[in-house]
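Trainee: structure for this input, please:
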Amino acid sequence: MSDQIPPETEPQPADPAAHTRIPIKIEEGLGAAAMAAICLISFGNVVVRYATNVSFAFTEEFSVFLLVFMTFVGSSAAFATGQHIRISFFLKRLTAPIQWVCEVITLLATTGLFSLILYYSAQVTWDEWYWGETSPGLGYPTWIYTVWLPVLTLAILLRLFGRAWAWLRAGPQRYQPEAD
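Mentor: Got it, this is the predicted structure:
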């Protein structure tokens with residue numbers, strides 16, 4: 001006889017985004033599309049540079065924009081699933097109510113940080129639009145790149161609020177920290 005559990009009865013890990021109303025697949029798809037675009041742009045630039053000794057002018061501007069876009073989309077997904085960066089070595093050694101308090105403090109600090117990013121990125125975008133600033137490489141209006149910062153920061157904040165609601169609703173007595 002085998003002591004193995006049949007595959008259909010193996011415990012399945014809990015979905016880290018089970019509390020979300022908007023699927024995480026949106027962020028995953030946008031992040032994958034940005035990564036694919038960066039790869040295509042960079043690969044095309046390398047091939048053209050190797051074959052003709054001339055490089056595409058737009059690759060740096062677009063690649064930097066897509067990298068920032070991908071970072072913010074990934075941050076939104078990480079906050080929604082609770083997979084954001086944290087120091088869990090010390091957190092795991094605390095009691096459940098203290099862990100819950102630490103998570104609430106982390107949520108407050110993160111909300112404050114992203115609120116500041118939202119405010120200042122909106123201010124930068126407005127200034128770039130108002131003054132008609134253009135990019136040095138291609139001469140495109142720079143606000144078309146920076147307008148995504150406040151939009152994606154707002155998405156991060158909404159994901160953060162959803163995560164906070166789930167933590168606060170659970171309360172310190174029922175708090176179960178995520179397994180690493």
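
Trainee: helices and strands of this structure: which one has the lowest mean pLDDT?
Mentor: The helix or strand of the chain with the lowest confidence, counting by mean pLDDT, DSSP states H and E, is helix 88-91 at a mean of 82.

Trainee: which strands and helices sit next to the biggest helix by length in the chain?
Mentor: Identified as the longest helix of the chain according to DSSP state H is helix 96-131. Helices and strands touching helix 96-131, as assessed by 3 or more CB pairs under 8 Å, 6 or more residues apart in numbering; DSSP states H and E, comprise helix 143-146, helix 148-170. Using the backbone N, CA and C atoms, a C-beta is placed for each residue, glycine as well.

Trainee: V104 is in contact with A170, isn't it?
Mentor: No - using CB atoms under 8 Å, V104 is not in contact with A170, being 11.0 Å away.

Trainee: follow-up on the earlier one: identify each buried residue in the longest helix of the chain, please.
Mentor: 99-100, 102-103, 106-107, 110, 114, 117-118, 121-122, 124-125, 128 (16 or more other CB atoms under 10 Å).

Trainee: that one: how far from the chain's middle?
Mentor: 13 Å (CA atoms, centre = their mean, to the nearest Å).

Trainee: what's the mean pLDDT across it?
Mentor: Helix 96-131 shows a mean pLDDT of 94.

Trainee: could I get the helices and strands packed on helix 96-131 as JSON lines with distance to I24, mean neighbour count and mean pLDDT?
Mentor: What follows is those, written out as JSON lines (distance: least, CB to CB, whole Å; neighbours: other CB atoms under 10 Å; pLDDT from 0 to 100):
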{"stretch": "helix 143-146", "distance to I24": "25", "mean neighbour count": "18", "mean pLDDT": "96"}
{"stretch": "helix 148-170", "distance to I24": "9", "mean neighbour count": "18", "mean pLDDT": "90"}
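
Trainee: how about the ones you listed, which one is nearest M35?
Mentor: Closest to M35 of the helices and strands packed on helix 96-131 is helix 148-170 (CB to CB; 15.5 Å).

Trainee: give me the spatial nearest neighbour of the residue nearest the centre of the chain, chain neighbours excluded.
Mentor: For the chain, the residue nearest the mean C-alpha position is S75 (1.5 Å; CA atoms, centre = their mean). Using CB to CB, 6 or more residues apart in numbering and skipping the chain neighbours, the partner closest in space to S75 is I156 (5.4 Å).
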